[in-house]
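from the sequence below, what's the structure:
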Amino acid sequence: MPENNGDHTKTTLQRTLEKSHDFDVKAVFLRANQMTKANFATLIQACIVLVVVFVIIGAITQPYITVHDDGSFTIQHQSFIEIATVFVVSPLITGLYMLGLSQARNTPRTVFALFDYIPLIFLLALTQLVNSILMQLGLVLLIIPGLYFWMATSFSLMLVADKSLTPLKAILLSCRVFNAYWGQITALFMIMAVLAITIPLTLGLSLIWIMPLYFSLIGVLYEKLIGGEQVRTEAKPKERNESSFDA
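This next block holds a predicted model:
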C-alpha cells in the first residue's frame, strides 16, 4: 500500500528503489508459509497441472533423445524443443506466480486462473527466453552471475502480466528491485535451497509443500517490494531513466 510521506504519496516501488522498507526476512518467510497453509489446495492443484505438462513434454520429446554407451545423450532439434517448451510453460508458470500474488493481496483465485495468461504467451515466452539466456551465460562465465540473474529476474514474468511492461523493461526493473534488497532476497532463496535438499531425502514427498511455498514466497516478495500501483515505464526529462541498473 502507498504510504504518505510529507506532501506526497510514494508508491511501494518508489520506496523499494529508495531502500526505505523495513524488510524482516523471518516475517516474510513466515507469511509465505501461512499463505501456503491457507491456500494449499489451490496451489498444489496448480503445481500438479504444471508437473503433468512437463511429463507430457518429456514423453513427446523422448523419441528425439539418443542415449550413448558412455551415459551421455544428445537431443535432436534441441533448440526447437527448448523454445517450444518455453512457449508452452511460461504462461503457466506466470499463472502460478500470480496465484501466489493474488493470495498476498488477499484476493485468492481458483486453480483455473493458471490459464489466464495464455493470451500473453509471446511476451511471456520472450521474457523467459531472455532470462534463460542471461542465466546460462552467467553460469558458463563464473557461475555467480548465473545465480544472480536467476534470482534477479524472478519478478520479470509477473511484471509483464501485472503491469503490462515489455520484456526488457520488466527484466531491468526486476533486477533493480532485487538489487535494492539483494541480501534479504538472497537469504530467502538460500532458505528455499536448503529446503530443496530435503526433496531427494524424502523421496520427493517434501516437494508437495516446497513447490507451493516457493510461489507463495515470490508473491509475498512482489507485493511487498513492487505492490499493486501502476508502474511508470517512461521517465520525465528530469527523472532518472527507469531502465538503468541500481547496484
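
CA only for contacts and neighbour counts going forward, please
Noted.

hey, C-alpha coordinates of the helix or strand encompassing residue 130 in PDB?
With elements delineated by DSSP states H and E, residue 130 resides in helix 121-141, which encompasses its position. As requested, C-alpha coordinates have been extracted for helix 121-141 and formatted as PDB (Å, rounded to 0.1, in the frame of the first residue of the first chain):
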ATOM      1  CA  ILE A 121       2.200 -16.200 -24.400                       C
ATOM      2  CA  PHE A 122       4.500 -14.400 -26.900                       C
ATOM      3  CA  LEU A 123       5.600 -11.600 -24.400                       C
ATOM      4  CA  LEU A 124       6.000 -14.100 -21.500                       C
ATOM      5  CA  ALA A 125       7.900 -16.600 -23.700                       C
ATOM      6  CA  LEU A 126      10.200 -13.800 -24.900                       C
ATOM      7  CA  THR A 127      10.800 -12.700 -21.300                       C
ATOM      8  CA  GLN A 128      11.600 -16.300 -20.200                       C
ATOM      9  CA  LEU A 129      13.900 -16.900 -23.200                       C
ATOM     10  CA  VAL A 130      15.900 -13.800 -22.300                       C
ATOM     11  CA  ASN A 131      16.000 -14.800 -18.700                       C
ATOM     12  CA  SER A 132      17.300 -18.200 -19.600                       C
ATOM     13  CA  ILE A 133      20.000 -16.900 -21.900                       C
ATOM     14  CA  LEU A 134      21.200 -14.500 -19.200                       C
ATOM     15  CA  MET A 135      21.300 -17.200 -16.600                       C
ATOM     16  CA  GLN A 136      23.100 -19.700 -18.900                       C
ATOM     17  CA  LEU A 137      25.700 -17.200 -20.000                       C
ATOM     18  CA  GLY A 138      26.200 -16.300 -16.300                       C
ATOM     19  CA  LEU A 139      26.700 -19.900 -15.300                       C
ATOM     20  CA  VAL A 140      29.100 -20.500 -18.100                       C
ATOM     21  CA  LEU A 141      31.200 -17.500 -17.200                       C
END
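
counting contacts, what elements does it pack onto?
Contact partners of helix 121-141 among helices and strands, from 3 or more C-alpha pairs under 8 Å, 6 or more residues apart in numbering; DSSP states H and E: helix 78-104, helix 144-152, helix 156-163, helix 167-180.

can you rerun that using 6 Å?
For helix 121-141, the helices and strands in contact under the criterion 3 or more C-alpha pairs under 6 Å, 6 or more residues apart in numbering; DSSP states H and E are helix 78-104, helix 144-152.

with respect to burial, which of the ones you listed scores highest?
helix 78-104 (a mean of 21; mean count of other C-alpha atoms under 10 Å).

cheers, nothing more for now.
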